[in-house]
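Asker: Quick check, what structure comes out for this input:
(one chain, ligands or ions: 2)
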Amino acid sequence: MEFAELQALREGKKTIRLDVYEKNEPAVRLYERQGYRYVATVDLGLGSWGLPWFKLYERTAEECLNGVLSRISPLSSDAMELASLTWSHVAKPLYSLGILEEDVIKIAGISETQHVDIGKRALIIMCSDNGIVEEGVTQTGQEVTAVVTENMTDGNSSVCLMADRAGVDVFPVDIGVSRDLRSGARNPLIRKKLAYGTKNFHKEPAMTRETAVAAIAAGISVAGELKEKGYRLIATGEMGIGNTTTSSAVAAMLLDRDPAEMTGRGAGLSDEGLMKKVSVIREAVKRYGPECRDAIDVIAHVGGLDLAGLTGVFLGGAVYRIPVLIDGFISGTAALAAAKLAPAARDYMLATHVSAEPAGRLLLDELGLKPFVAAGMCLGEGTGAVASIPLLDMALEVYTKMSTFQDIQIEEYKPLAPQKNSGTQ
Ligand SMILES: O=C(O)c1ccc[n+]([C@@H]2O[C@H](COP(=O)([O-])O)[C@@H](O)[C@H]2O)c1
Ligand SMILES: Cc1cc2nc[nH]c2cc1C
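Answerer: Ligands and ions are numbered 1, 2, ... in the order given. Predicted coordinates for the structure are as follows:
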């Protein structure tokens, strides 16, 4: 059942549920011919009298999404216990690799084995434009989004160079850039364009609820495609002029915080520009706040397609059991939106660095996730997430290759209380 709903969501097909006394093959085939995907038979419990009668329910993409999200399962406690045990045998002071140790244990829980393998890893970069740029809330024009996205497909952006170093494959996704894009051969563009940018949320909602759901579904779908290709770790990134404005607005609404506290200079902004940015966000929060009943509504009113797509990637990580690395402020906002939609998805996320945007730390605290780098970065594109991967690799080298206490014939080290550090920084 989950599989069919997920497939329907990924293929953008209409979905039906047939409530029948028994599976009615002719009816299923009839509706499949009409472009529906058969999801499930509900046994009405009346026994089979050979009746041809059945009832058809058409499901919306949102209902399929809800069905998929309700099936996210918890981490494997057995695998996590075994991973903890493995760490405890490594000949070093207990817990001394801090958050890196905790993250390895978490990845074991996600992948349901203590034999942690993140050898094949991908970076998904959601790229899109934001209508709010019209209001003068950015330092550069929106045409930069298209140029940088195309350059990413040639392997020519900051994160592409960093990803080469870290052995990460890069997947730029056009989910809503404001013009048609060419693709280079190095990192072919994944085409999921849902609009040529969003609407200006100062004037009207950024997108419809249906478009927000479609963008979330696209993110889930990309995560699924990477899982099928054998990727074991997904880093998140984005590119979109104006997306710190959408992220600040979404974060302020989701956390019920003062927009001034959640807003920074993004990719560079004058004092005057910053004041304008805060006032535009404040007005939108006041206007749309009462209408928004959940995170999808918030994204639809003041968010962006990149943010929605990344929300889908975080949810997809939980659906397909792949660890997903949070990058900076935009990515962190998407992670928060995903956690609001499906609290269980939070367990599949790993924090990496703390964005220098003012609310970078606050977002991670809200998610209850601990970063292991604070380098004052705010570049986006996934740079912070990718920069953290070599640290995870190093932790795994120790986890898998280091001698045990038994190997070096030392009686196991017994720490004094407190037994476990609560994290660094
Ligand atoms: O990831 C972050 O924390 C981050 C913080 C500030 C800026 N950015 C990047 O800068 C762009 C958005 O900045 P802005 O000022 O146009 O909203 C976008 O392409 C992001 O990738 C990213
Ligand atoms: C050049 C440039 C590159 C970026 N990468 C992410 N955000 C960006 C914003 C600008 C302006």
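
Asker: any idea which element the nearest residue to T352 once chain neighbours are set aside lies in?
Answerer: Spatial nearest neighbour of T352, excluding adjacent residues (C-beta to C-beta, 6 or more residues apart in numbering): S388 at 3.7 Å. C-beta: built from backbone N, CA, C; applies to glycine. Using DSSP states H and E, S388 sits in helix 383-401.

Asker: For the residue nearest to G384 when sequence neighbours are not counted, give its distance to L65.
Answerer: On the basis of C-beta to C-beta, 6+ apart, the spatially nearest residue to G384 that is not a chain neighbour turns out to be H353, at 3.6 Å. Distance, H353 to L65, using C-beta to C-beta, to the nearest Å: 30 Å.

Asker: show me the contacts for S247.
Answerer: G303, G304, L307, F329, I330, T333 (C-beta atoms under 8 Å, 6 or more residues apart in numbering).

Asker: tell me the secondary structure for it?
Answerer: Here S247 is recorded as helix under DSSP: H, G, I helix; E, B strand; the rest coil.

Asker: Name the nearest residue to it, ignoring sequence neighbours.
Answerer: For S247, ignoring the flanking residues on the chain, the nearest one in space by C-beta to C-beta, 6+ apart is T333 at 4.1 Å.

Asker: The one you found against A251, yeah?
Answerer: Yes. Proximity of T333 to A251 meets the contact threshold set by C-beta atoms under 8 Å, at 4.8 Å.

Asker: shared neighbours, these two?
Answerer: Joint contacts of T333 and A251 (C-beta under 8 Å, 6+ apart) are L363.

Asker: More neighbours: which of those two?
Answerer: Taking T333 and A251 together and counting by other C-beta atoms under 10 Å, T333 has the greater number of neighbours (34 against 28).

Asker: so does the helix or strand where the more buried one lies get close to ligand 1?
Answerer: Secondary structure from DSSP H and E places T333 in helix 329-341. Yes. Applying C-beta under 6 Å from any ligand atom, one finds helix 329-341 in contact with ligand 1 at F329, I330.

Asker: Give me the neighbour count for R293.
Answerer: Applying other C-beta under 10 Å, we find 9 residues neighbouring R293.

Asker: Relative to A61, how far out is it?
Answerer: Distance from R293 to A61, by C-beta to C-beta: 17 Å.

Asker: can you tell me which residues contact the residue of the stretch 51-200 of the chain found nearest ligand 1?
Answerer: With C-beta to the nearest ligand atom, the shortest gap between the stretch 51-200 of the chain and ligand 1 falls at T138, namely 3.9 Å. Residues near T138 by C-beta under 8 Å, 6+ apart: I241, G242, T245, G266, A267, L269, G273.

Asker: which one among the residues you listed gets closest to L9?
Answerer: L9 has its nearest neighbour among the contacts of T138 in G242, at 27.9 Å by C-beta to C-beta.

Asker: and that closest one, what is it in contact with?
Answerer: By C-beta under 8 Å, 6+ apart, the neighbours of G242 are D129, N130, I132, V133, V137, T138, Q142, G304.

Asker: Also R165?
Answerer: R165 is in contact with P390, counting by C-beta under 8 Å, 6+ apart.

Asker: Can you verify it is assigned to a helix?
Answerer: Yes. R165: assigned to a helix according to three-state DSSP.

Asker: Averaged pLDDT, the helix or strand hosting A260. What do you get?
Answerer: Taking DSSP H and E as the criterion, A260 maps to helix 259-262. Mean pLDDT, helix 259-262: 98.

Asker: Wondering if that helix reaches ligand 1 at all.
Answerer: No. Shown here: helix 259-262 not in contact with ligand 1 (C-beta under 6 Å from any ligand atom), separated by at least 12.4 Å.

Asker: Give the other helices and strands that that helix contacts.
Answerer: Counting contacts by 3 or more C-beta pairs under 8 Å, 6 or more residues apart in numbering; DSSP states H and E, helix 259-262 is packed against helix 243-255, helix 271-288.

Asker: From the chain's centroid, how far away is the first one?
Answerer: Helix 243-255 has its average C-alpha position 16 Å from the chain's average C-alpha position, going by C-alpha atoms, centre = their mean, to the nearest Å.

Asker: Spatially nearest residue to R179, not counting backbone neighbours?
Answerer: Nearest one to R179, counting by C-beta to C-beta, 6+ apart, is A146 at 5.3 Å.

Asker: How about A375: what's its closest non-neighbour residue?
Answerer: H353 (6.0 Å).

Asker: interface residues of the stretch 151-300 of the chain facing ligand 2?
Answerer: So the stretch 151-300 of the chain meets ligand 2 at M239, A267 (C-beta under 6 Å from any ligand atom).

Asker: Where does the stretch 151-300 of the chain get nearest to ligand 2, residue-wise?
Answerer: Closest point on the stretch 151-300 of the chain to ligand 2, by C-beta to the nearest ligand atom, is A267, at 4.3 Å.

Asker: I'd say that residue and Q139 touch.
Answerer: Yes. With contact defined as C-beta under 8 Å, A267 counts as touching Q139 (6.0 Å).

Asker: and stretch 95-110, average pLDDT?
Answerer: For stretch 95-110, the per-residue pLDDT averages 97.

Asker: Render the CA-only coordinates of it in CSV, please.
Answerer: Written as CSV, here are the backbone C-alpha positions of stretch 95-110 (Å, rounded to 0.1, in the frame of the first residue of the first chain):
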residue,chain,number,x,y,z
TYR,A,95,32.4,9.4,23.9
SER,A,96,35.5,11.4,23.0
LEU,A,97,34.5,12.0,19.4
GLY,A,98,31.4,13.7,20.7
ILE,A,99,28.6,14.4,18.2
LEU,A,100,30.5,12.5,15.5
GLU,A,101,30.0,9.4,17.6
GLU,A,102,26.3,10.1,18.1
ASP,A,103,25.9,10.7,14.4
VAL,A,104,27.4,7.4,13.5
ILE,A,105,25.1,5.7,15.9
LYS,A,106,22.2,7.5,14.4
ILE,A,107,23.2,6.5,10.9
ALA,A,108,23.3,2.9,12.1
GLY,A,109,19.7,3.3,13.4
ILE,A,110,18.6,4.8,10.1
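
Asker: Numbering from 43 from now on, please.
Answerer: Got it, first residue is 43 now, which makes that one stretch 137-152.

Asker: Give the buried residues for that stretch.
Answerer: Residues of stretch 137-152 classed as buried by neighbour count (16 or more other C-beta atoms under 10 Å): 137, 139-152.

Asker: Just give me how far it sits from the chain centre.
Answerer: With C-alpha atoms, centre = their mean, you get 20 Å for stretch 137-152.

Asker: swap in stretch 309-323?
Answerer: Here stretch 309-323 is found 27 Å from its chain centre; the criterion is C-alpha atoms, centre = their mean.

Asker: Cheers, nothing more for now.
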